[in-house]
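Colleague: Quick one, fold the following:
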Amino acid sequence: MALSLGDTANWESFYVKQYARNYSLPASDPDYAMIGEQVLPVLLTSPYIVVAATTATGKPNWKQAGYCKQKIRTVDGSVDTFINQRLLVSLNQPTLLSFDPELASSYALWFRPFNWFNDITIEVYQYIGSLT
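Modeller: Alright, predicted model coming up:
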């Protein structure tokens, strides 16, 4: 049996959140007045996810939302590390991301929207179909 990525029954919405510019940080913080880096507070287990990014305040010519990276636990499960591969996420069009399942059985997702966004909503879908 092969992967069936096109079957909507094989996907579940796993995480949804809207982010906005952050003015509550100290002005000396490099992310002041930007959305900044976000580590989604959930653990994903599928090597295949879809990230859908939308914004209410974007311009029509904006096509990209930002970058994602995989964050895993290493060294006896006590040290967090990022896989050094930034994956570009499209804006207003779902982006399929694929991660190596041999690196980790579960992982977190790091997301960094581009600095010019006032707000952005991220929805993450996890593949729940057969992996064989």
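
Colleague: Residues contacting the helix or strand of the chain with the lowest mean pLDDT, please?
Modeller: When the helices and strands of the chain are compared on mean pLDDT, DSSP states H and E, strand 79-82 comes out lowest with a mean of 74. When contacts are taken as C-beta atoms under 8 Å, 6 or more residues apart in numbering, the neighbours of strand 79-82 outside the stretch itself are Lys69, Gln70, Lys71, Ile72, Arg73, Thr74, Ala108, Trp110. Where C-beta positions appear, they are placed from N, C-alpha and C, glycine not excepted.

Colleague: Try it again at 7 Å.
Modeller: Applying C-beta atoms under 7 Å, 6 or more residues apart in numbering, the set of residues contacting strand 79-82 from outside is Lys69, Lys71, Ile72, Arg73, Thr74, Trp110.

Colleague: Over to stretch 46-54?
Modeller: Judged by C-beta under 7 Å, 6+ apart, the contacts made with stretch 46-54 from elsewhere in the structure are 5, 11, 65, 68, 89, 91-92, 94-101, 120-128.

Colleague: mind listing the strands for this structure?
Modeller: Taking DSSP state E as the criterion, the chain contains strands spanning 11-20, 38-39, 48-54, 64-74, 79-82, 87-90, 95-98, 108-113, 119-127.
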